[in-house]
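Enquirer: Sharing a sequence plus its predicted fold:
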There are 2 protein chains.
Amino acid sequence: MNPSTRTELRRLPQRGSREWRTIIRILDAGFLAHVGFCIDTQPFVIPTLYGRNGDKLYLHGSAASRMLRELEHGIAACVTVTLVDGLVAARSAFHHSMNYRSAVAFGTARKIADPGQKVECLRVISEHLIAGRWTGVREPSKQELDATTVLEFTIQEASAKARMGPPVDDEHDYELPVWAGVIPLEMRAKPPVPDEKLMERVVLPECIRRFAARFSAE
Amino acid sequence: MNPSTRTELRRLPQRGSREWRTIIRILDAGFLAHVGFCIDTQPFVIPTLYGRNGDKLYLHGSAASRMLRELEHGIAACVTVTLVDGLVAARSAFHHSMNYRSAVAFGTARKIADPGQKVECLRVISEHLIAGRWTGVREPSKQELDATTVLEFTIQEASAKARMGPPVDDEHDYELPVWAGVIPLEMRAKPPVPDEKLMERVVLPECIRRFAARFSAE
C-alpha cells in the first residue's frame, strides 16, 4: 500500500482506516462493487460483481462491455464496496447518520489473456460469491471464455471507512423528548427459488444452503 | 434527457432503459448512491445518501468533504444507485448472474448557498430517507448549516438496467442434473434499537415504524 492524497482521510479520521485487514474484511463481506473510471473528464460508475485474491480483485463480463474495454487499457480505476448496517436517527436533523462499512480501492487493471488463468480467475469470482458452487456446474466452454473478458485489478492503495453504534447528539439535545436510536439494516436472503425447469430429483446443494444462511445469520 | 454515447446501452439492450419512470422508480427505492468524479485522470467513487426532487438529486455532508468540494465546482459527475434483488444460479458457470436494478445518472452539481433553500434541500434528503422524520426532530442551527454543504445535482442524462427472473441456460444444459434457481436477496430492517439515553416515556414514532416496515415487506 502506498498512501497518498488519494486516500487522505480528510474528515473524521477516527472513522477511517488504512489497515489492510480492515479493508479486506469489507471486500470479503461484500460481493457488489461500484467501479469508477474516467473517459476524458467524464466519470462513469458501474456496479459489478467481483472476487478477491490477495491484493487483486477480479472483474468479469461480456467482451463487449464498455467498462471492461476501457479498464483493460490500464487506466486509473476506483473500486468501492459499501456495506449498509443501519440508519442512525438522532434527536437533531444534523446528527442523523448511517452505520456502514466501506472500502475504496485505487489501482489499475490488466486483461487476463491466458485461457487457463482466465478460468482460474472466474473460479475466484464464483467462489467469492457462492463458495463451493464452481465444482458443481458446467465449466466454461472455449466459446464462452472467448466471449468473456476477465480483468485483474491490482489494489495500489486503499482506505476503509466505517460508522457504527448509537447516535451521538449534542449534550443539550439529550433532554429533548425525541426518539433516537438505530434502525439496523442488512442484506438478507429469502428461501432459494428452484428453476421451474429443474430436472427431477435434483436437490438444493449445500453451497446454496450455506450462501442463503450467510445472509440470514444475525 | 439528452441521450448521448454516455448512456448508450452497448450490450443486452433488452436489459436497459432510458425511460424516466423506470429510472426514478429505482432512485426512489434506494437511498445510497455511489458518486463518481474525476480529478485529472483519477476517478473517485464515494458512497453517500441522497434525496430526489424531480430531476434533481440532493447530496450533503461536511463542508470539509473532498467529494462535495470538488463537485461544487460543477465538474462532471456520475451518480449510480444499485438495488440487489438476488443471485441467479445457472447450470453452467457462464450463465450465473445477478438480479438487480440500477440507475446511472450523469450531470453536474451546484452548491446551494441560500440558508432557507439549504434547509429545504436537507428536508428533501431527510424525507427521502425516513418520511415524516423531519418535523419531529430539532432543525439545523445556523452553525450546523454553515458546517454543512448541500449540493443540487441536475440529472442531464440517465439510464437504467435491470435483470430479473430465473436463470436462462443453454438448451442442452437443461438436461444436466444441476440445481438452478434464484436466491432472492433484499435489504431488511431489524427492530429499531432505542438509544440508551432516551428520555423516559418517549415512544417509537410512526415514521420509524413505517421505515422499518418498508424494508420488512415482501
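Expert: Received the coordinates, thanks.

Enquirer: Distance check, the residue nearest to residue A:198 when sequence neighbours are not counted against residue B:95.
Expert: Nearest non-adjacent residue to residue A:198, counting by C-beta to C-beta, 6 or more residues apart in numbering or on different chains: residue B:180, 6.3 Å away. C-beta here means a position set from N, CA and C on the backbone, and glycine is covered the same way. Per C-beta to C-beta, to the nearest Å, residue B:180 is found 9 Å from residue B:95.

Enquirer: With residue A:31 instead?
Expert: For residue A:31, the distance to residue B:95 - C-beta to C-beta - is 17 Å.

Enquirer: hey, where'd the helices end up in chain A?
Expert: A:20-29, A:66-71, A:115-129, A:142-146, A:206-214 (DSSP state H).

Enquirer: before we move on, back to that, neighbour count winner among residue B:180 and residue B:95?
Expert: The residue with more neighbours, out of residue B:180 and residue B:95, is residue B:180; 27 against 18, by other C-beta atoms under 10 Å in any protein chain shown.

Enquirer: check contacts around that one.
Expert: For residue B:180, the contact set (C-beta atoms under 8 Å, 6 or more residues apart in numbering or on different chains) comprises A:194, A:195, A:197, A:198, B:89, B:90, B:91, B:166, B:167, B:169.

Enquirer: mind redoing it with 10 Å?
Expert: Contact analysis of residue B:180 by C-beta atoms under 10 Å, 6 or more residues apart in numbering or on different chains lists A:137, A:194-199, A:202, A:208, B:88-92, B:95-96, B:166-169, B:173-174.

Enquirer: pLDDT at residue A:185, what is it?
Expert: For residue A:185, the pLDDT comes out at 96.

Enquirer: so it makes contact with residue B:129?
Expert: No. Using C-beta atoms under 10 Å as the test, residue A:185 is too far from residue B:129 to be in contact (11.3 Å).

Enquirer: Mind checking which of the contacts of residue B:180 are buried?
Expert: Neighbour counting by 16 or more other C-beta atoms under 10 Å in any protein chain shown classes A:137, A:194-195, A:198, A:202, A:208, B:88-92, B:95-96, B:166-167, B:169, B:173 among those as buried.

Enquirer: Tell me, please, the helix or strand in chain A that averages the lowest pLDDT.
Expert: When the helices and strands of chain A are scored by mean pLDDT, DSSP states H and E, strand A:16-17 comes last with a mean of 64.

Enquirer: Skip the chain neighbours and tell me the closest residue to the residue lying farthest from the centre of chain A.
Expert: Most distant from the centre of chain A: residue A:175, at 40.0 Å, with distances by C-alpha atoms, centre = their mean. Distances taken as C-beta to C-beta, 6+ apart put residue B:199 closest to residue A:175, at 7.0 Å, once the chain neighbours are dropped.

Enquirer: is it true that the one you found touches residue A:177?
Expert: Yes. Here residue B:199 reaches residue A:177: they are 5.4 Å apart, a contact under C-beta under 10 Å.

Enquirer: Give me the common contacts of the two.
Expert: Listed as contacting both residue B:199 and residue A:177 by C-beta under 10 Å, 6+ apart are residue A:91.

Enquirer: So which of the helices of chain A is nearest chain B?
Expert: With C-beta to the nearest C-beta, the closest approach to chain B among the helices of chain A belongs to helix A:142-146: 4.3 Å.

Enquirer: could you say what helices and strands that closest one packs with?
Expert: Judged by 3 or more C-beta pairs under 10 Å, 6 or more residues apart in numbering or on different chains; DSSP states H and E, the packing partners of helix A:142-146 are helix A:115-129.

Enquirer: pLDDT below threshold where in chain A?
Expert: Scanning chain A with the threshold set as pLDDT under 70 gives A:1-18, A:216-218.

Enquirer: make it 50
Expert: Along chain A, the parts satisfying pLDDT under 50 run over A:1-2, A:10-13, A:217-218.

Enquirer: Counting neighbours, go ahead and name the busier of residue A:185 and residue B:129.
Expert: Neighbour count, other C-beta under 10 Å: between residue A:185 and residue B:129, residue A:185 has more, with 23 against 19.

Enquirer: do stretch A:96-103 and chain B meet?
Expert: Yes. Against chain B, stretch A:96-103 shows contacts by C-beta under 10 Å from any C-beta of the partner chain at A:96, A:97, A:98, A:100, A:102.

Enquirer: of the residues you listed, buried ones?
Expert: Buried members of those, scored by 16+ other C-beta under 10 Å, are A:96, A:97, A:98, A:100, A:102.

Enquirer: what's the closest of the residues you listed to chain B?
Expert: residue A:102 (5.3 Å).

Enquirer: my guess is the closest one contacts residue A:29, does it?
Expert: No. Judged on C-beta under 10 Å, residue A:102 makes no contact with residue A:29 at a distance of 11.0 Å.

Enquirer: which residues are common contacts for these two?
Expert: With C-beta under 10 Å, 6+ apart, residue A:102 and residue A:29 have common neighbours A:81, A:83.

Enquirer: Going by residue numbers, what spans are strands in chain A?
Expert: All strands of chain A, identified by DSSP state E, fall at A:16-17, A:32-39, A:42-49, A:51-53, A:56-62, A:76-89, A:97-111, A:148-163, A:181-189, A:193-194.

Enquirer: Which other helices and strands does the last one contact?
Expert: Here strand A:193-194 touches strand B:181-189, going by 3+ C-beta pairs under 10 Å, 6+ apart.

Enquirer: quick one on the thing from earlier: wait, doesn't the residue farthest from the centre of chain A sit right on residue B:198?
Expert: No. Look at residue A:175 against residue B:198 with C-beta under 10 Å: they stay out of range, at 11.3 Å.

Enquirer: can you list residues touching both of those two?
Expert: What both residue A:175 and residue B:198 touch, as defined by C-beta under 10 Å, 6+ apart, is the set residue A:91.

Enquirer: Now do the contacts for the residue farthest from the centre of chain A.
Expert: Counting by C-beta under 10 Å, 6+ apart, residue A:175 has contacts A:91, A:169, B:197, B:199.
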